[in-house]
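# sequence first, predicted model second:
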Amino acid sequence: MSANSNNTNLNSGSVDGIVEAGERLARRPWPTTPIRSGIEVSFEFFPPATDTGAATLARCADELAPLGPNFVSVTYGAGGTTQDRTHQAVSRLARETELNVAGHLTCVGATKSQVGEVIDDYVAGGVSHIVALRGDAPEGQTDGTVSGGYADAADLVAGIRRRHDADGIEISVGAYPETHPKAASPQADLDNLKKKLDAGADRAITQFFFDTEVFLRFLERARAAGITAPIIPGIMPVTNFANITRFSSRCGTDIPDWMHDLFAGLDDAPEVHQLVSATVAAEQCRRLAEHGVTNFHFYTMNKPELTAATCRILGVKPAAKDLAKPESAPQLQQRQRVS
Ligand SMILES: Cc1cc2nc3c(=O)[nH]c(=O)nc-3n(C[C@H](O)[C@H](O)[C@H](O)COP(=O)(O)OP(=O)(O)OC[C@H]3O[C@@H](n4cnc5c(N)ncnc54)[C@H](O)[C@@H]3O)c2cc1C
């Protein structure tokens, strides 16, 4: 494009509009400056099924730990399908790292006493934070509740408080900015969230979403309904767009058209896919931060890179001591000779 055609384009817009756009851009921090101070993060992992998976999780936790998360959590298969694996992963993280580890817990398909044993094991293993969930009924069952079981997540929260209040347990619960697919209505879903918090939960963590406006509107509705507890947005960096699309349709998360356009044809271009994913997640977090959001929960899928990149753009990075480069072998030999 010639300099002349550029001028023509500029001149065809209103000067006021251009000045206003320039001012807006100038107010927007560049990625080199943290968007705001005081950003806090937490990370979600899933329990590995194999030794290789366990090594992957250990590496993921190792790489993300220097970011100083408030907590990390490990998911739990509804109906106890991953109960042992979750317990192993939680215990290992609690034992081998200095991370504050939260265990997820679902109540569907289990009696109160079975659920109680899991809670007791968590507490005995030093876990003092539970992400309390109903869980999804097994395939083919409409409801999944069993006789002698908890009715729903609010009932579970009340049960944990009754059993372990003296242990100073922290409880987080799930929230759904786009409404849980089985909820009778958005209002009923919001009432249910309030019920869980009133039963003793400390905070809510949301299902992942990609439309930032949807979260902001949800937050507004929650505050208007008298919910004062923290509601932490769940951020899903897109590690694999095809998988996320499948998963989203099951959990009621909308994937906007612009994302389909953006990722179209990238299945066979993993590096480009990752770069686009990092940009999308960072942009989503920056927009939320611009609206005052200071806490973010990342669904890491046990892959640290996209989460670490997004955190860094938000201004969350390892403390200076963790950033020091390890000495190379020749440097180490030289220092040992000198000393
Ligand atoms: C942060 C987060 C972490 C999660 N971690 C896990 C995990 O580790 N393991 C796992 O299995 N799942 C997990 N889930 C998914 C969760 O178990 C499902 O979304 C489940 O369907 C609802 O759980 P809840 O605790 O929100 O349920 P509730 O608070 O009891 O219900 C939420 C809403 O769904 C409606 N609802 C749910 N089930 C039914 C039903 N059977 N009939 C009628 N209405 C229903 C309720 O009326 C309400 O509106 C997680 C979700 C979130 C947001």
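Right, received. Where do you want to start?
# residue contacts, Ala89?
Phe45, Pro47, Pro48, Ala54, Leu57, Val74 (Cβ atoms under 8 Å, 6 or more residues apart in numbering). The C-beta positions use only the backbone N, C-alpha and C, and glycine is treated the same way.
# and the last one, what is it in contact with?
Meaning Val74. Going by Cβ under 8 Å, 6+ apart, Val74 touches Glu44, Phe45, Phe46, Pro47, Thr86, Ala89, Val90, Leu93, Val101, Ala102, Gly103, His104.
# how about the fifth one, secondary structure?
So that's Thr86. helix (DSSP: H, G, I helix; E, B strand; the rest coil).
# and the residue nearest to Tyr299 when sequence neighbours are not counted, how close does it get to Gly126?
Nearest non-adjacent residue to Tyr299, counting by Cβ to Cβ, 6 or more residues apart in numbering: Met236, 4.5 Å away. Going from Met236 to Gly126 by Cβ to Cβ, to the nearest Å gives 29 Å.
# out of the two, which sits in the more crowded spot?
The neighbour comparison of Met236 against Gly126 (other Cβ atoms under 10 Å) goes to Met236, with 25 against 11.
# that one: what's it in contact with?
The contact partners of Met236, by Cβ under 8 Å, 6+ apart, come to Phe208, Phe210, Ile244, Ala281, Phe298, Tyr299.
# so which of those wins on neighbours?
Tallying neighbours with other Cβ under 10 Å puts Phe298 at the head of the contacts of Met236, with 28 neighbours.
# so what's it closest to, chain neighbours aside?
Distances taken as Cβ to Cβ, 6+ apart place Thr307 nearest to Phe298, at 4.5 Å, with adjacent residues excluded.
# check which helix or strand covers the one you found.
Taking DSSP states H and E as the definition, Thr307 sits inside helix 304-314.
# by contact count, what packs against that helix?
Applying 3 or more Cβ pairs under 8 Å, 6 or more residues apart in numbering; DSSP states H and E, we find helix 304-314 packed against strand 40-45, helix 51-64, helix 270-290, strand 295-299.
# tell me what angle the shortest one forms with strand 40-45.
Taking axes from the mean of the first three to the mean of the last three Cα atoms, to 10 degrees, one finds strand 295-299 and strand 40-45 inclined to each other by 20 degrees.
# got the end-to-end distance for stretch 75-91?
From its first residue to its last, stretch 75-91 covers 13 Å (Cα to Cα, to the nearest Å).
# what about stretch 133-145 and the ligand, any contact?
Yes: counting by Cβ under 6 Å from any ligand atom, the ligand has neighbours in stretch 133-145: Leu133, Arg134, Gly135, Asp136, Ala137, Asp143.
# other residues contacting that stretch?
For stretch 133-145, the surrounding residues in contact (Cβ under 8 Å, 6+ apart) are 76, 78-79, 104-109, 150-153, 156, 173-174.
# can you give me the end-to-end span of that stretch?
So stretch 133-145: terminal residues 13 Å apart, Cα to Cα.
# now do the buried residues in it.
Leu133, Arg134, Gly135, Asp136, Ala137, Gly144, Thr145 (16 or more other Cβ atoms under 10 Å).
# now, the residues you listed that are in strands?
Leu133 (DSSP state E).
# confidence-wise, which of the buried residues of stretch 133-145 comes last?
Of all those, Gly144 has the smallest pLDDT value, namely 73.
# can you pull the contacts of Ile280?
Not Ile; residue 280 is Val. Residues counted as contacts of Val280 (Cβ under 8 Å, 6+ apart) are Phe210, Pro237, Val238, Met259, Leu262.
# what's the pLDDT at Lys112?
Lys112 carries a pLDDT value of 96.
# could you count how many residues lie near Leu306?
Using other Cβ under 10 Å, Leu306 has 23 neighbouring residues.
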